[in-house]
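Peer 1: got a predicted structure plus its sequence, pasted below:
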Amino acid sequence: MDRRLSLSGSKVARRILFSFVLAALIPIGILGVLSFQQVKQQLQEQTAKALQRGCKDYAYGLVSRLLFAESSLRLAALKIHKSNKNDKPVALAGEQWLQGQFTGLAVLQADGQPATLSQDNAAIPVLTAEELAQIVAGKTLLKPVNGQRLEDSRLWMAINLVENSPKAGILMAELKPELLWNSETIDPNNLLWVMAADSVQMLFALEQDFDPSPELRAQVAQANSGRFSWQKDEEAYLGAYWKLPVATLFFGPDLIIVQSQPESLAFRAIRQFSAIYPPVILLAVLIVVYLSSRLIVKYLTPLERLILGTHRVAEGDLECRVTIDSDDEFEELADSFNEMTRRLRSQFNILATMAEIDRNILSALNAEDIIDTALNRLPSILFCDLISIAVINPDIGIANDIRVRRRGQNSEILSEPVILNQQDVADLRDLQNGAIEIGNDDEQMSEYLHVLGVSGAWRYLVVPVHVNGTLASIICLGYQAPKQIPPESRNAAISFGDRIAVALSNAAWEEKLYQHAHYDSLTGLPNRLVLHDRLGQELARARRDDAQLAVFFMDLDRFKNVNDSLGHSAGDELLRQVAGIFLNCVRATDLVVRLGGDEFVIVIGELHTQHNPAAFVSAVAEKILTALKQPVTVAGLPMTVTTSVGIALFPDDADNVQDLLKNADAAMYHAKSEGRANFRFYSPELNAAALENIKLEQELRGAIGRNELLVFYQPKVDWDGHIVGAEALIRWRHTELGMISPAKFIPLAEQTSLIVEISDWVLEQTCLWVNACHAQGLGPLRISVNLSAVDFKHPELVEKIAAVLNRTGVDPKFIELELTESVAIGDIKACIERMHHLKELGLTLSMDDFGTGFSSLSYLKELPLDVLKIDQSFVRQLETDGSSAAIVRAILALADGLGMETIAEGVETAVQLELLKQHHCGLFQGYLFSRPVPKDEFLSLLQADALKRGTAQPAAS
Ligand SMILES: Nc1nc2c(ncn2[C@@H]2O[C@H](COP(=O)(O)O[C@H]3[C@@H](O)[C@H](n4cnc5c(=O)[nH]c(N)nc54)O[C@@H]3COP(=O)(O)O)[C@@H](O)[C@H]2O)c(=O)[nH]1
């Protein structure tokens, strides 16, 4: 990757450049300003000093000129005095040396009257008395005389004409201005002026007509020397002054010498500085820009390359490398970056492989496929020279099924298992989520590593694989020296170990799922899926072998009662025991299947014609029925169960799986309808019966709505044959099929829970009918209604019945509920509680079909029953079967002992009646008295009976 940085395109570069320029400009600027001020200050100082020095120099010149003038004046006085002595006229006017210094001379009398020598009297200043006195006292007078204009100002000097002789007069001279104010040494650009210190009157100014303001004059008169700044004609000036102490030499005012110079002149040097400074700054900036650009390009180009590299990595280009040869930290950074991408690439490869393995785990059929994938893919991504995976049996410390793949070779499975050192096994067992690193010289795992068949110096990484907390496998990676084990390989190997664990666990789970899908978890028998599969195979074999095959379809009789009464766990236990019985009754090659619920199928194959298949399967069926007669213990109770067996034969009854099962089912239905606990072979007619049942069930669903149901009443009579009550019995008059027996449709209704709706309807009709009878003065009558076990278990039974009683307004004492024994077994407490609730409604409870069910007599006394109804099967055999008579006697004695009423049903003969009476049965019901009849007919029976009793009421209109 070779790319140079463009300054305009890089924000960072622009920022750094800007910072550099700023960093350079700020100190240069500050330095410039400071220097400027410093120079200005110094120039100011220098100028002021120069001006001051100029003032002094000028003053010294002035003093020397005044002293020279004084000495000239004294010489002139001497000459005048000599000539006065000689009475010779003075001829000083022609004296050149005097004319050069003085404009005019005058001699004053001692009284001050002029005696002019060369001066107009009018111009001679008048001397004050003090001045005269000072002159007389020997002092030289210096007297400024101001004119109208500055150029008219003059300076006079006066002395005694003769020293120590005041009477001789005073010599006065006007000092020649050109000589006195000689300003040749003064810079012509400067201003110079001289003022009298006492009056601040201007005596001389170098510039004609210059008149400083009174303020300025006052300012410079305040001190002996000083500096100042001022403004003239809008131009700034620097100035200095010095006071010449004239009074120490002469009698007269001190003189103030002032010099001033325009600032522009003083700061001439600064102007040059100002002119040079900007180009210097510009040059500095250019240098800074140039140098910093070079620096930026030098340092940011590698940075840009690194950024580009990270972008490419972010886009998924893990092959990209950044090249920087700067021999500095950038080169180090590039090396780190390249190492990072290398590791990322490696990690990515590892992850991709792991993902592939994960996919395999999810989709592979077994752990072997996953192990194969690992053996093929892992060496390249873990950079190992050998990989081995083995299954471990930690209990006996053996590694078997060892698979090895060495670099450049195909994987192989080692035939011999390896016995591992116990300590090694313990170490591996204890190591959860880790790996052991083993060198050539280590003793660890030496037995296992030995069989991997490598020579030379190696390092190994052994990763234990735990499945459900148990050591199940090991993964071993081998690295040939001098190669070291890369750290990422260690993590990847551990991670792969986890996946192997999942795969192995999945395999176990798959096995479980298979079991679950194909075997019944309750009994362990194969299920419907296996049945279809195996039956298909058996059929194929039977066809091939020209053999026959039998399918038994079995359903336990009244199993529902067991479930409902003893609970589901008892039902489950019964099913398990029954499954065992079935298995014992068939050959190992036969198939016993539980379809679900209490339905079982047995497939008996290899029936060859010469062995009389029908006889053989009949014998097997008998064997099953007989075996079931042996009581089994369920929920601590001895119990027998029966089954109804339907048998279909291949090829006679059907030649495919579905039809064989369907026909065996139909045959089973037939066996059930014929009294249960038997077996029936399929015949085409049975099939029709089964179909008829299905149709019947559909018809029944709409029967109430179509008003096809009726209630018939069968009278119950006392010893005198008088009707004391009746049993309500349902009838179904189908519009097409005619009258259908309840024995046919009630079991169907019970199987589909339609019975609940039917029972509600019967109860309501009965209540209304009782009311109607009583309204006609017939009765009192107690009419019983049948309640199936399904009805009794209905959670809202009591509420529903209470609602019917309420709705119809019937007196509950005229209604009796006939329960079957099945409701009274199982959760006896709940049953008793519910019966009490019914009793609390005022109803009478009777136990129907007593003696035919499962109930334990010991519970009977707990039940709040009013009536025991002896089943008609005992009554029917009363005359012929001694044991039936004994049962009837026992039931009647029991009822008597418990204070219950008794009624015998199915009384058809007078003999039966007589026998029942002999045993003190209370009431009777049966064809001997009347069949169940429609309500109108029953009304007639009642009326006839009333007539017999002599209690007949007039018929209701
Ligand atoms: N849950 C409900 N079950 C009902 C209802 N109506 C009837 N049933 C039950 O249907 C079974 C068949 O009933 P049915 O054909 O009405 O037979 C009853 C009587 O007709 C019959 N019986 C009465 N006397 C004699 C006789 O002298 N000989 C003889 N061969 N049969 C006789 O017995 C049946 C009454 O039995 P039971 O109920 O046990 O007292 C039957 O199991 C009915 O219970 C209904 O509304 N709900």
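Peer 2: The structure has been received and is ready for your questions. Numbers count the residues shown, from 1 in each chain.

Peer 1: got the residues of the protein near the ligand?
Peer 2: 714, 727, 729-730, 741-743, 746, 759, 762, 786, 788, 848-849, 872, 905-908, 925-927, 932 (CB under 6 Å from any ligand atom). C-beta coordinates here come from the backbone N, C-alpha and C atoms, glycine included.

Peer 1: mark which of the residues you listed are buried, thanks.
Peer 2: Neighbour-count burial (16 or more other CB atoms under 10 Å) applied to the residues of the chain next to the ligand gives 714, 727, 729-730, 742, 746, 759, 762, 786, 788, 848-849, 872, 905-907, 925-926, 932.

Peer 1: let's see which of the residues you listed end up in helices.
Peer 2: Cross-referencing those against helices under DSSP state H gives 742, 746, 759, 762, 872.

Peer 1: greatest separation within the residues you listed: which pair is it?
Peer 2: S759 and Q872 (21.0 Å; CB to CB).

Peer 1: show me the contacts for the residue of the stretch 751-900 of the chain at minimum distance from the ligand.
Peer 2: Closest residue of the stretch 751-900 of the chain to the ligand, CB to the nearest ligand atom: N786 (3.4 Å). Contacts for N786 (CB atoms under 8 Å, 6 or more residues apart in numbering) come out as 727-729, 759, 762, 818, 848.

Peer 1: which one of those residues is nearest to I381?
Peer 2: S759 (73.5 Å).

Peer 1: surely the closest one touches V785?
Peer 2: Yes. Using CB atoms under 8 Å, S759 is in contact with V785, at 7.3 Å.

Peer 1: pLDDT weak spots in the stretch 351-500 of the chain?
Peer 2: 360-367 (pLDDT under 70).

Peer 1: where exactly do the strands run in it?
Peer 2: Taking DSSP state E, counting those that start in this stretch, the strands of the stretch 351-500 of the chain run over residues 386-393, 398-406, 412-413, 418-419, 436-439, 458-467, 470-480.

Peer 1: closest to R528 out of those?
Peer 2: Per CB to CB, nearest to R528 of the strands of the stretch 351-500 of the chain: strand 458-467, 31.6 Å.

Peer 1: listing partners with orientation, what would you give for that closest one?
Peer 2: Paired strands of strand 458-467, with direction, are strand 436-439 (antiparallel), strand 470-480 (antiparallel) (DSSP bridges).

Peer 1: send me that strand as CSV with only the CA atoms.
Peer 2: Taking Å, rounded to 0.1, in the frame of the first residue of the first chain, the C-alpha atoms of strand 458-467 are listed here in CSV:
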residue,chain,number,x,y,z
TRP,A,458,7.0,-31.9,19.4
ARG,A,459,4.8,-29.9,21.6
TYR,A,460,1.2,-31.0,22.2
LEU,A,461,-2.0,-29.4,23.3
VAL,A,462,-4.5,-31.8,24.8
VAL,A,463,-8.1,-30.6,25.3
PRO,A,464,-10.5,-32.7,27.3
VAL,A,465,-14.1,-32.8,26.1
HIS,A,466,-16.8,-33.2,28.8
VAL,A,467,-20.3,-34.3,28.0
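
Peer 1: quickly compare the strands paired with strand 458-467 and say which is most buried.
Peer 2: The highest mean neighbour count among the strands paired with strand 458-467, using mean count of other CB atoms under 10 Å, belongs to strand 470-480: a mean of 22.

Peer 1: now stretch 782-790: average pLDDT?
Peer 2: Stretch 782-790 comes out with an average pLDDT of 93.

Peer 1: that one: how far from the chain's middle?
Peer 2: 62 Å (CA atoms, centre = their mean, to the nearest Å).

Peer 1: now stretch 488-496
Peer 2: Using CA atoms, centre = their mean, the offset of stretch 488-496 from its chain centre is 27 Å.

Peer 1: residues in contact with that stretch: which ones?
Peer 2: 343, 346-347, 350, 354, 357, 374, 378, 381-384, 433-435, 437, 461, 463, 475, 477.

Peer 1: separate out the buried members of these.
Peer 2: Among these, those classed as buried by 16+ other CB under 10 Å are 346-347, 350, 354, 357, 374, 378, 381-384, 435, 461, 463, 475, 477.

Peer 1: mind checking which of the residues you listed land in helices?
Peer 2: 346-347, 350, 354, 357, 374, 378, 381-382.
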